[in-house]
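1. Sequence plus the predicted model coming up.
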Amino acid sequence: MTLPNYAYFKGKIIPYSEAKIGVLTHGLNYGTSVFGGLRAYWNAAEEELFIFRPLDHYRRFLGSTKIMFMELEHTPESLVQATTDLLRRENYHSDVYIRPLAFKSDEIVGVKLHGLHDELSIVAIPFDRYIANDTSAHVTISSWRRVDDNMIPARGKIAGAYANSALIKTDAAHAGFDEALVLTQEGHISEGSAMNVFIVKTNVIITPPITENILEGITRRTIIELATQELVCCGGTADRSHRGLPVR
C-alpha cells in the first residue's frame with residue numbers, strides 16, 4: 001500500500017511523516033476512537049475526482065463521535081472542505097480511499113471516555129478493490145458472532161469493535177476463504193467482516209434490517225434508494241417488510 005504524502009492533523013494539512021501520536025495514546029491502547037471510510041473515484045474523461053456521498057459519511061462519522069463522548073469543532077460541511085483541500089494537495093489521478101479518524105488523544109492509563117481530549121485526522125490513499133476477486137469471492141459463515149448492539153453500538157464505526165471484524169476476517173482467510181458472513185447471537189445473518197450484504201430472491205432484493213446489529217452503511221442506503229426509486233418502476237419489487245428493504 002502506498003502511504004499518503006499529507007495528512008489533515010490538528011486542524012491543518014501537514015506532511016504525513018509529521019502526523020504522529022505517542023504509544024500511550026488512549027485511542028490506541030483502548031480502542032477509544034471512531035473512523036469513517038469514504039471512496040473517491042477518478043473520472044478520466046472529466047479529469048476530476050468525485051467523492052461518494054461525503055456529507056452522508058461525515059454525518060454518520062460525527063454521530064459516531066457522539067456515541068464515544070467526543071466533542072469536535074467540526075460540521076459535516078467543514079469536514080468535507082478539509083477532505084477536499086487534502087485531496088487537492090495530494091493531487092491523485094486514481095480511485096482513492098479516505099480515512100477520517102477521531103480519537104481520545106490523552107497519553108494516560110485508565111479506561112474511560114469522559115474528561116479526555118479529542119483529536120481528528122484525515123488521510124487519503126490510492127485504493128482499488130477491497131477484495132481482489134470481488135465478483136467471485138469464496139465466502140463462509142464465521143464461527144465468531146457479531147458484537148451485539150447493546151455491547152458496542154453497531155451504528156457507529158468504533159475502532160475497538162473492529163477487533164471482532166479482524167477475528168472474523170483472519171479466521172476466514174486461514175480457512176482458505178476470501179470473506180465471511182457473521183451471525184447475530186440469535187443466528188441471523190448480520191453482515192460481512194466489514195460490509196453489508198444483500199441477496200436477490202424471486203426478484204426481491206433482501207438485506208438484513210438495522211435490528212440485526214449492522215452498521216447502517218451509506219452504500220447500503222444507496223442500493224436501497226436505487227432499488228426503491230428506479231427498479232420498482234421496471235417490474236421489480238421492493239419489499240419493505242422486516243426482512244426486506246428498510247428505507248431510512
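-> Right, received. Where do you want to start?

2. which element is the nearest residue to N43 once chain neighbours are set aside on?
-> Once flanking residues are discounted, N43 sits nearest to F50: 6.0 Å by CB to CB, 6 or more residues apart in numbering. (Glycine included, C-beta is placed from N, CA and C.) F50 is part of strand 48-51, with elements assigned from DSSP states H and E.

3. Equivalent analysis for D171, please.
-> Taking DSSP H and E as the criterion, D171 maps to helix 162-174.

4. Average pLDDT for that helix, rounded please.
-> For helix 162-174, the per-residue pLDDT values average out at 97.

5. So which elements touch it?
-> Packing partners of helix 162-174 (3 or more CB pairs under 8 Å, 6 or more residues apart in numbering; DSSP states H and E): strand 139-145, strand 179-183.

6. okay if I get these as JSON lines plus distance to H57 and mean pLDDT?
-> What follows is the helices and strands packed on helix 162-174, written out as JSON lines (distance: least, CB to CB, whole Å; pLDDT from 0 to 100):
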{"stretch": "strand 139-145", "distance to H57": "26", "mean pLDDT": "97"}
{"stretch": "strand 179-183", "distance to H57": "22", "mean pLDDT": "96"}
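
7. closest one to H93 among these?
-> Across the helices and strands packed on helix 162-174, H93 has its closest neighbour in strand 179-183 (29.5 Å, CB to CB).

8. Given that closest one, what are its sheet partners and their directions?
-> strand 139-145 (parallel), strand 189-192 (antiparallel) (DSSP bridges).

9. Deepest-packed of these, please.
-> strand 189-192 (a mean of 22; mean count of other CB atoms under 10 Å).

10. Check which element follows it along the chain.
-> Downstream of strand 189-192, the first helix or strand assigned by DSSP H and E is strand 199-201.

11. What helices and strands are in contact with the helix or strand just after that following strand?
-> Per DSSP H and E, strand 199-201 leads on to strand 204-206 as the next helix or strand towards the C-terminus. Here strand 204-206 touches strand 199-201, going by 3+ CB pairs under 8 Å, 6+ apart.
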